[in-house]
Structure formats: C-alpha cells, structure tokens
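# Curious how this folds, go ahead:
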Amino acid sequence: MRVFFRRRGRNQRSWSVGGSTCYRSASYRPLRPWQVRERRFRPSRFGQRGLDPDEVAQFLDRVAGDLAAVYDALARSRQESDRIRDALRRWQSEQFRARLAGQQRAERRGVR
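Below is the predicted model:
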C-alpha cells in the first residue's frame, strides 16, 4: 500500500532531481530543517487511523528531492575541491622543479 502512495506522489512532482540541474518554479523554496522538525500532518479520513497517507507521501518525496539536490551539490563541490587541490599540487611541483633547476644552474656558474 505504501508503494502505491509513493508512486503517486512521485508522478505528481513538477520538478526533477538528477544531473546537475533541478528545474523548479521560482516560487519553490527548499525545505529548511526547522520546517521538517515542525511539520504536522492532518489526521486521516473518516474511519481510518493515523495520518493522511497522501500528504505524508508528498512530504517525504519533497524531503527526498531536497536531500538528493543537496547530495548532488556536495558531490560537485567535492569534485571541484579535488580539481583545485590537484592543480595546486601540479603548480607547486612545477615551482619546485623550476627553483631546483635555477639553483643547479647557479651552482654550475659558481654563483650562490
């Protein structure tokens, strides 16, 4: 039964998470931690106990989408950090080699 409600909520999403871009309307605001903590759901319909399954499924889909977007951004940030770190290491190695070559040339000439 839960799978039914989750599928229904996913199909109603107006935005997609994946790749490097999330397409959402300008009025969409990402969830904040306090919104998740303070979220209250309506009781379910007549004759049922618990919370409204549709509302819970929609909210969980939204939370999952926001988390996926955060993890995508984190992965991109880590890739960029790795790229910058590698470039810095290459630059430092080049600088060291150039300095060492300059010192060796100076020693050959007899200048220190």
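# Spit out the contact partners of residue 51.
41, 42, 43, 44 (CB atoms under 8 Å, 6 or more residues apart in numbering). (C-beta placed from N, C-alpha, C; glycine too.)
# cutoff 6 Å now
41, 44 (CB atoms under 6 Å, 6 or more residues apart in numbering).
# hey, what's it bridged with?
Residue 51 has these beta-bridge partners by DSSP bridges: residue 43.
# ok, now how distant is it from residue 39?
For residue 51, the distance to residue 39 (CB to CB, to the nearest Å) stands at 11 Å.
# now residue 30
Distance from residue 30 to residue 39, by CB to CB: 14 Å.
# C-terminal to the helix or strand bottoming out on mean pLDDT in the chain, what's the next element?
The weakest-scoring helix or strand in the chain, judged by mean pLDDT, DSSP states H and E, is helix 2-11 (a mean of 48). Sequence-wise, the next helix or strand downstream of helix 2-11 (DSSP states H and E) is helix 33-38.
# for the helix or strand just after that following helix, what is the average pLDDT?
The C-terminal neighbour of helix 33-38 among helices and strands, as given by DSSP H and E, is helix 53-109. Per-residue pLDDT values over helix 53-109 give a mean of 91.
# Check which helices and strands helix 53-109 is in contact with.
helix 2-11 (3 or more CB pairs under 6 Å, 6 or more residues apart in numbering; DSSP states H and E).
# Can you check the pLDDT for the closest residue to residue 62 other than its chain neighbours?
The shortest distance from residue 62 to any non-neighbouring residue, by CB to CB, 6 or more residues apart in numbering, is to residue 31 (6.5 Å). In this prediction, residue 31 carries a pLDDT score of 73.
# Cool, thanks, talk later.
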